[in-house]
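Undergrad: Structure for this input, please:
(chains A, B, C and D)
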There are 2 protein chains.
Amino acid sequence: MVALAYADHALLTSGSAARSLGLSYARPLPVVTFGAGSEIYVPGQAADALYQVEFGAVRLHRLLSDGRRQVIAFYLAGETFGFAAEPIHSFFAEAIVATGLKAVVHPASGAVSPDLLSLALRGMIRAQEHILVIGRQTAVERIAGFIIDMASRQGDLEHIDLPMTRLDIADYLGLTIETVSRVFAKLRSAGLIKLRSIRCVEINNLRALQGLCA
Amino acid sequence: MVALAYADHALLTSGSAARSLGLSYARPLPVVTFGAGSEIYVPGQAADALYQVEFGAVRLHRLLSDGRRQVIAFYLAGETFGFAAEPIHSFFAEAIVATGLKAVVHPASGAVSPDLLSLALRGMIRAQEHILVIGRQTAVERIAGFIIDMASRQGDLEHIDLPMTRLDIADYLGLTIETVSRVFAKLRSAGLIKLRSIRCVEINNLRALQGLCA
DNA sequence: CGGGTGTTTGACGTCTGTCAAAAAGCGTGG
DNA sequence: CCACGCTTTTTGACAGACGTCAAACACCCG
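TA: Alright, predicted model coming up:
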């Protein structure tokens, strides 16, 4: 872990790992590893590459001036992120745990592939659906939906990894860490989920959980 | 108004105005008018055209099973909407007032223009920023930001049209109609805005209003 | 001049946030 | 292997912002 963080730091300080990757190659690239908690890009940084998660997990977030934070999205293994409407990023992207990334395309390149548009559209729809969740659902609905979402993205009901902290989940769902903790406890004592460990959930009653999502 | 609604109804019932437009022409099309409150498309309908607003205003929204509604976005004159990640729509698009639309591109066509990608990305960023607003801002912050956003989109601080109802605003900002009304009253009595009429706002103190947005 | 929709205002309730402290994990080092 | 210290999580008591319910008030158009 120390070694990873160190390598990561070296890449970042030598002038943006992202940029050097994006400009050096035209094709899929070697996996670059980021240590837990390290920054992949920050607001203002040139947006000249997309990333595919090989392993680990990434959070995209934004801060208000007084420190309030909103996590915009999580990206798990196999998912792609890094879109920006302008030539520079407007969010933070950070590795949640030790994470391997591969730069897959270069948005500034002349050709626009239909795949790229499709990815962008999927991202937009996902964001718009998240607006509904945050704008109109209760804490229980949000968390039940979140667990189901994580399960479906990992294709497993019995071993759902939650690489992010409760604070990350809270900031993603527009709640506080205490509310997240309380709702998890409630779902557990109702027998709908089991907390195998602090970062691993099992769904015991999918139907009931789905029933909690409006 | 009756005439408009009637014409709209005829178009819709004769098998989707959107579809017939999208398939009949390859280039910019004549303006089609939709009456206040009429549907432009609904979830499940084929997504085979984008629309540019010529005049009027459109709301994009989604419903939960129990009737809770979230307005995802408003589109004013000059703005473009109609993106979908799948071949069918997942939201409702409705004319708020009498509205003229022009179908501008056909997303299913082979060529993907950079402009199209740019529009999609801009939509994604806008949605992601709205997540921050709804997830982490107070009622006053949301409404102050909303008024400023409407002003900048209309390029006028002294005559800001709010074509949508208070309920639309509430459902857009994740609030209730009563809270929206109360905050407007508060901003008015604080001298930051003037309500020229129920659907027209004037900003008296932009700095103070900006100061209210985190 | 009505009837209907949309808006405002008031009184009250509650869900979620805030503050605080204890408990549980987890990596480090003896 | 266990003790230590840190971060993360859980739990409790309390408070506040916003929602709910209800009624009065404007506005629009016929």
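Undergrad: Check the gap between the residue nearest to the spatial centre of chain A and DNA strand D for me.
TA: Geometric centre of chain A, nearest residue: A:F74, 1.4 Å, by CA atoms, centre = their mean. A:F74 sits 14 Å away from DNA strand D when distances are taken as CB to the nearest atom of the strand, to the nearest Å. All C-beta spots, glycine's among them, are computed from the backbone N, C-alpha and C.
Undergrad: what about that residue, which SS state?
TA: strand (DSSP: H, G, I helix; E, B strand; the rest coil).
Undergrad: OK, contacts around it?
TA: Residues counted as contacts of A:F74 (CB atoms under 8 Å, 6 or more residues apart in numbering or on different chains) are A:A57, A:V58, A:R59, A:L60, A:I96, A:M164, A:D168, A:Y172.
Undergrad: again with A:E86
TA: Contacts of A:E86 (CB under 8 Å, 6+ apart): A:A47.
Undergrad: That one belongs to a strand, doesn't it?
TA: No - residue state for A:E86 (three-state DSSP) corresponds to coil; a strand is not indicated.
Undergrad: rewinding a little: dump the contacts of A:F74 into TSV; add pLDDT, distance to B:L101 and secondary structure as well.
TA: Shown next, in TSV, are the contacts of A:F74 (pLDDT from 0 to 100; distance: CB to CB, whole Å; DSSP: H, G, I helix; E, B strand; the rest coil):
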residue	pLDDT	distance to B:L101	secondary structure
A:A57	97	41	strand
A:V58	97	38	strand
A:R59	97	38	strand
A:L60	97	33	strand
A:I96	96	43	coil
A:M164	97	41	coil
A:D168	98	41	helix
A:Y172	98	35	helix
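Undergrad: Please indicate which of those residues has the highest neighbour count?
TA: The residue in these with the most neighbours, by other CB atoms under 10 Å in any protein chain shown, is A:Y172 (26 neighbours).
Undergrad: Near the residue lying closest to that residue once chain neighbours are set aside, how many other residues are there?
TA: Take A:Y172 and drop its neighbours on the chain: the residue closest to it by CB to CB, 6 or more residues apart in numbering or on different chains is A:V71, 3.9 Å away. Residues contacting A:V71 under the criterion other CB under 10 Å number 25.
Undergrad: Get me the contact residues on chain A for DNA strand C.
TA: Proximity of chain A to DNA strand C, by CB under 7 Å from any atom of the strand, involves residues A:1-2, A:138-140, A:174-176, A:178-179, A:197-199.
Undergrad: what about A:T33, distance to chain B?
TA: For A:T33, the distance to chain B equals 26 Å [CB to the nearest CB, to the nearest Å].
Undergrad: Would you list the phi and psi of that residue?
TA: The phi/psi pair for A:T33 (degrees, to the nearest 10) reads phi -100, psi 140.
Undergrad: Who does it form a beta bridge with?
TA: On the basis of DSSP bridges, A:T33 is bridged to A:G100.
Undergrad: just checking, it touches A:V97?
TA: No - contact criterion CB atoms under 8 Å: A:T33 and A:V97 do not qualify, at 10.9 Å.
Undergrad: Could you list the domains of chain A?
TA: Following automatic domain parsing, chain A resolves into domains at A:2-111, A:137-212.
Undergrad: Go through those and find the least confident stretch.
TA: Among the domains of chain A, domain A:2-111 has the lowest mean pLDDT, at a mean of 78.
Undergrad: just to revisit the earlier point, check contacts around the residue nearest to A:Y172.
TA: A:R59, A:L60, A:H61, A:M164, A:D168, A:D171, A:Y172.
Undergrad: Out of the residues of chain A next to DNA strand C, who's the most crowded?
TA: In terms of neighbour count, A:G174 stands highest of these at 23 neighbours, by other CB under 10 Å.
Undergrad: Nearest residue to that residue in space, ignoring adjacent ones along the chain?
TA: Among residues not flanking A:G174 along the chain, B:G135 sits closest, at 3.3 Å (CB to CB, 6+ apart).
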